[in-house]
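**Q** Here's my sequence, what's the structure:
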Amino acid sequence: MRTVNACSLALVAVGTFGGVASAADCRLSSPDVLKIESWEASPRRTSGATVTMVLRNVGERPIEMVDATAWFRGELGEGIGGIYVSRDAKIDAGSTFTQTSNMVGFGRLVTVDKKFVHALACAKAVLYRDGTKERFDE
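**A** Below is the predicted model of the structure:
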């Protein structure tokens, strides 16, 4: 397992991704690279939330770099926001990667019951450790 701390000063998106919830919702990206196994959100002193998520490489090859976003939406389809996954996440096949991000505007993740939040990782591109690239946004 690898852990990274990422300080995010701005949101990827809040309420603009149209309710990503299922594999079909990863437009121009793939839900078959990373899986969000778990996530936690705690309040920040100023505003927003500190979000920690555990992502699993569900593929058969080790990842060297990835262009992916973790999306969160409420049970009624409303967008909560998205967090960029660290591009330099090196994740062996079947292994997990833990990322912690300080997110402005994600305070709702602290208060909403987790059972009413859907989380999905959508990858646009992957560089595997063997040097091959795979793109899903074309």
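**Q** Just grab the bridge partners of L55 for me.
**A** Legend: beta-bridge partners of L55 under DSSP bridges are I36, F97.
**Q** Let me see the confidence value for it.
**A** pLDDT recorded at L55 is 98.
**Q** Any idea how many residues pack against it?
**A** 27 (other CB atoms under 10 Å). All C-beta atoms are positioned from the backbone trio N, CA, C, and that covers glycine.
**Q** unless I'm mixing things up, it is touching A70, no?
**A** Yes: using CB atoms under 8 Å, L55 makes contact with A70 at a distance of 7.2 Å.
**Q** can I assume K115 sits in a strand?
**A** No: the assignment for K115 (DSSP: H, G, I helix; E, B strand; the rest coil) gives helix, which keeps it out of a strand.
**Q** any idea how far it lies from V104?
**A** Separation of K115 from V104 (CB to CB, to the nearest Å): 25 Å.
**Q** higher neighbour count, those two?
**A** Between K115 and V104, counting by other CB under 10 Å, V104 is the more crowded of the two (16 against 7).
**Q** Nearest spatial neighbour of that one, chain-adjacent residues omitted?
**A** Leaving aside its sequence neighbours, V104 sits nearest to G48 (CB to CB, 6 or more residues apart in numbering; 4.2 Å).
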